[in-house]
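*Asks:* based on what follows, work out the 3D shape:
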Amino acid sequence: MTYALRQMVVLGCIAAFMPLPALAQSAPPPPPVTVAKPVVRDVVDSDEFIGRFEPVDEVSVRSRVGGYLQEIHFQDGALVKQGDLLFVIDQRPFVTALNQAKATLESAQSTLVFADAQYKRTQSLASSGSQSAQTLDDRRREFDSAEANVRGAQAAADRASLDMEYTEIKAPLSGRIDRRLISAGNLVQTDQTVLTTIVSLDPIDFYFDVDERRLLNFADTARKLGKDLQQGGGGLDVSVTISDPTAKPFKGKLDFAENRVDNESGTIRLRARFPNPDLVLQPGLFGRIQVEASNTYQAILVPDEAIGSDQNERVVYVVAEDGTVSTKPVRPGPRLYGYRVIREGLDGTETIIVNGLMRARPGAKITPQMTELPKERQDTAPETVGAENGQ
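*Replies:* Numbers count the residues shown, from 1 in each chain. Down below sits the predicted model:
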């Protein structure tokens, strides 16, 4: 008989003669598990939609006069203010045209002065009978013609001055400018050649599509407020999250809805407007918008890590007063304040396991370590999901 076998025989004999209480004392204690009461607080459900940011104002910069581009006065991608000089068209042809228009105006004014003097002289002679009525009429016609020529010359001079002003192309709005789309020396055609684009950034709009079911819900909420959804539902508060996990949700207000449902998609487009003083939000950026979709109600909230799976249903582990663990089926809802809303299955008075599910088994006992859950978890980004997908 080997040494190991002899040791096993000796230990077996000792265990056979050991009293039963000694065996019970050697059993390990129930495993420690963190437990807590669910968070019960007033909440408002929100629906979530994916959309895209668009500028409130956008303009394609074109020239109102044709000519060769001479100067460019901005840096690609810079922020510009309304009225800033952007481009200059070669002004020499327009200077010549303006000088010619001014000379024509001066000639017309001189002719008018002469025609006026002739008309007044003839009028004086006609009153004494020294001139005929026919001559007076001729002088009157010449005066009227000279006066009309002055107005025409003045209009041509104004037009030449305006064209001269148009050779300096200025920013029509404040915002961020795109790159130059044409280089100096190229021919610019009147009202056709796009020189660059400018988009406004603060505030900024967010467009998203809503299906018919949620549209009717939002419209009903707006009517209860005495407002129309097309006019923004009374400025309903909304928030948007972007793909940056460190960025806090941006707060804005619903301000517009289209006046008809799209025949093909069965959706309607809504718009919300957001202040953007730090210019973090950019046109074309995707985001997720949360819109209030219910009245205030009392909800039961538990951490996501407290929800387990039992085949095809979700469960939480409930701890009795004696430490016995049992499972309770639940129906999860959206996430709010860093927790998961429990639609059905809990009443808020239960003690549930919030950490250490792997050490608990239904019917077994645990050593509960009580903790208190905060009303809102700051270490988890707030998320709201309208669809109760149980995730």
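*Asks:* ok, the nearest residue to Asp84 once chain neighbours are set aside - how many residues close by?
*Replies:* For Asp84, ignoring the flanking residues on the chain, the nearest one in space by C-beta to C-beta, 6 or more residues apart in numbering is Ala171 at 4.5 Å. Heads up, the C-betas are built off the backbone N, CA and C, glycines and all. As a burial measure, Ala171 scores 19 neighbours (other C-beta atoms under 10 Å).
*Asks:* quick check: phi and psi on Ala171?
*Replies:* Here is the backbone geometry of Ala171 (degrees, to the nearest 10): phi -70, psi 120.
*Asks:* count the neighbours of Asn263 for me.
*Replies:* Using other C-beta under 10 Å, Asn263 is surrounded by 6 other residues.
*Asks:* kindly report the same for the one 5 residues further on.
*Replies:* A count of neighbours around Ile268, defined by other C-beta under 10 Å, yields 21.
*Asks:* what's the answer for Glu372, then?
*Replies:* Using other C-beta under 10 Å: Glu372 sits among 8 other residues.
*Asks:* and the residue nearest to Asp84, how far from Thr351?
*Replies:* 65 Å (C-beta to C-beta, to the nearest Å).
*Asks:* go on, Pro245?
*Replies:* 32 Å.
*Asks:* out of those two, which sits in the busier spot?
*Replies:* Per other C-beta under 10 Å, whichever of Pro245 and Thr351 has more neighbours is Thr351, with 17 against 7.
*Asks:* so the residue nearest to Asp84 touches Phe87, yeah?
*Replies:* No. With contact defined as C-beta atoms under 8 Å, Ala171 does not reach Phe87; the gap is 10.2 Å.
*Asks:* hey, what's in contact with both of the two?
*Replies:* Residues touching both Ala171 and Phe87 by C-beta atoms under 8 Å, 6 or more residues apart in numbering: Val61.
*Asks:* so what's the residue count around the closest residue to Asn149 other than its chain neighbours?
*Replies:* Leaving out its chain neighbours, the residue that sits closest to Asn149 by C-beta to C-beta, 6+ apart is Ala108, at 4.4 Å. A count of nearby residues for Ala108, using other C-beta under 10 Å, gives 21.
*Asks:* check the one 3 residues further on too.
*Replies:* Here the number of neighbours of Thr111 (other C-beta under 10 Å) works out to 18.
*Asks:* that one: what secondary structure?
*Replies:* With DSSP: H, G, I helix; E, B strand; the rest coil as the basis, Thr111 sits in helix.
*Asks:* I'd like the distance between it and Arg141.
*Replies:* 13 Å.
*Asks:* and the gap between the residue nearest the centre of the chain and Leu254?
*Replies:* In the chain, the residue lying closest to the centroid (C-alpha atoms, centre = their mean) is Phe206, at 3.3 Å. From Phe206 over to Leu254 the distance is 10 Å, taken as C-beta to C-beta.
*Asks:* joint contacts of these two?
*Replies:* Common neighbours of Phe206 and Leu254 (C-beta under 8 Å, 6+ apart) are 271-272.
*Asks:* can you give me the strands for the stretch 251-391 of the chain?
*Replies:* Using DSSP state E, counting those that start in this stretch, the strands of the stretch 251-391 of the chain run over 267-274, 286-292, 297-302, 307-310, 313-319, 325-336, 339-344, 352-355, 367-370.
*Asks:* pipe the ones you listed into a markdown table and attach distance to Leu195 and mean pLDDT per row.
*Replies:* A markdown table is the format used below for these (distance: least, C-beta to C-beta, whole Å; pLDDT from 0 to 100):
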| stretch | distance to Leu195 | mean pLDDT |
| --- | --- | --- |
| strand 267-274 | 29 | 90 |
| strand 286-292 | 29 | 85 |
| strand 297-302 | 55 | 84 |
| strand 307-310 | 58 | 84 |
| strand 313-319 | 59 | 89 |
| strand 325-336 | 48 | 85 |
| strand 339-344 | 53 | 86 |
| strand 352-355 | 61 | 86 |
| strand 367-370 | 69 | 86 |
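*Asks:* host element of Gln154?
*Replies:* According to DSSP states H and E, Gln154 maps onto helix 133-166.
*Asks:* give the buried residues for the stretch of helix or strand Asn99 belongs to.
*Replies:* According to DSSP H and E, Asn99 maps onto helix 92-127. Within helix 92-127, the residues that count as buried by 16 or more other C-beta atoms under 10 Å are 93-94, 97-98, 101-102, 104-105, 108-109, 111-112, 115, 118-119, 122, 126.
*Asks:* ditto for stretch 159-172
*Replies:* For stretch 159-172, a neighbour-count test (16+ other C-beta under 10 Å) marks 160, 163-164, 166-167, 169-171 as buried.
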